[in-house]
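Engineer: Predicted model, plus sequence, below.
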There are 2 protein chains.
Amino acid sequence: MATVAVIIDDWFEDSEYTEPVKAFRDAGHKIVHVGLKAGSTVQGKKQGTKVTIEKAVSGVSPGDFDALLVPGGYSPDRLRAHGEAVSFTAEFVRSGKPVFVICHGAQLLITAQVLKGRTITGWKSIIQDIKNAGASFVDWEVVEDGNLISSRDPGDLPSFIKASLSKLR
Amino acid sequence: MATVAVIIDDWFEDSEYTEPVKAFRDAGHKIVHVGLKAGSTVQGKKQGTKVTIEKAVSGVSPGDFDALLVPGGYSPDRLRAHGEAVSFTAEFVRSGKPVFVICHGAQLLITAQVLKGRTITGWKSIIQDIKNAGASFVDWEVVEDGNLISSRDPGDLPSFIKASLSKLR
């Protein structure tokens, strides 16, 4: 069974956190909530889902986990203003371990400068940012490029979860 | 006296709307609120400031105004998912008329593909996006490059307002 880090901050898109996490747990995998401050509580932007941060991103490394989930909403915009969240994400993508990004999640990977030559999808507002980062944008419900699984929005969750689960052992 | 379009949607940074607009009005300039739907009300993300949209962006052109203000927060992210807001902004920048952007405001200009070769500043989370768009990012409280005035965050408002006012006749 895999240990999945979820990197998250305030104003995440609730369903892009709750639905993958439920599916991963139902399949027997372990979830660890990683954020800016251990012990703090962050909230979703629509339903106010509360998440307690278990590990500060400054104190973990990709070696502690088997995969990374980046939910969307405005959480990625907040996280990428912090160098430790950016460097953790950059190392995770470079490690070759699975990284699951949905909606605005790709923003964190853009600031981590790990998208050059990759093929991904994401929320429509960030299409130009994805292209400018040197990635190929495709308008599909789920895109798999090596260790990178990406989707556009909550409507893509069934495909996103299915593709992500297939990467977890 | 000038007519200033303010392009705005939900979750704008309250002070980045209220303070420039108060200063522009105090100086005798006219404000027109432009958004996705005329007659709708949009709200700020922190203080819940309410703004009624007077003109739909689909029904206006840069020729109707003397300058454009793009407040930050998450309003620019929402606006740039809509082609009409993007094309209006692109035409405004290309018109040579003054464009005032603060915080996340530059996101709308990135999607409008008008930043190549320009020098601007913006909120720290979008620095990489600004660079990837072909612009030079500088970490100053206000940057003036031709018709483009930009600032980083609410702390820069006094300088942003002063520089913007100097462009209005």
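Structural biologist: Great, that's in hand.
Engineer: how about the nearest residue to the residue of chain A at minimum distance from chain B, chain neighbours excluded?
Structural biologist: Going by Cβ to the nearest Cβ, chain B is nearest to residue A:132 of chain A, at 3.8 Å. For the C-beta atoms, the positions are set from N, CA and C on the backbone; glycine is no exception. Once flanking residues are discounted, residue A:132 sits nearest to residue B:132: 3.8 Å by Cβ to Cβ, 6 or more residues apart in numbering or on different chains.
Engineer: Just give the number of residues close to the one you found.
Structural biologist: 23 (other Cβ atoms under 10 Å in any protein chain shown).
Engineer: residue ranges for the strands of chain A, please.
Structural biologist: A:3-7, A:30-35, A:41-43, A:50-52, A:55-56, A:67-70, A:99-102, A:119-120, A:136-137, A:143-145, A:148-151 (DSSP state E).
Engineer: distance of the nearest residue to residue A:153 once chain neighbours are set aside from residue B:161?
Structural biologist: Nearest non-adjacent residue to residue A:153, counting by Cβ to Cβ, 6+ apart: residue A:103, 5.5 Å away. Using Cβ to Cβ, to the nearest Å, residue A:103 is found at 34 Å from residue B:161.
Engineer: okay but the residue nearest to residue A:132 is in contact with residue A:133, surely?
Structural biologist: Yes. The pair residue B:132 and residue A:133 qualifies as a contact (Cβ atoms under 8 Å) at a distance of 5.3 Å.
Engineer: Kindly report the residues of chain A close to chain B.
Structural biologist: Residues of chain A lying near chain B by Cβ under 8 Å from any Cβ of the partner chain: A:74, A:77-78, A:80-81, A:104, A:107, A:110-111, A:113, A:123-125, A:127-129, A:132-134.
Engineer: Turn the buried ones among those into a named PyMOL selection, would you?
Structural biologist: Only the buried entries of the residues of chain A next to chain B go into this PyMOL selection, using 16 or more other Cβ atoms under 10 Å in any protein chain shown:
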select buried, chain A and resi 74+77+78+80+81+104+107+110+111+123+124+125+127+128+129+132+133
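Engineer: Show me the residues of chain A next to chain B that map onto helices.
Structural biologist: Members of the residues of chain A next to chain B lying in helices (criterion: DSSP state H): A:77, A:78, A:107, A:110, A:111, A:127, A:128, A:129, A:132.
Engineer: quick one: pLDDT of the residue lying closest to residue A:135 once chain neighbours are set aside?
Structural biologist: Among residues not flanking residue A:135 along the chain, residue A:115 sits closest, at 4.0 Å (Cβ to Cβ, 6+ apart). On the pLDDT scale, residue A:115 is placed at 98.
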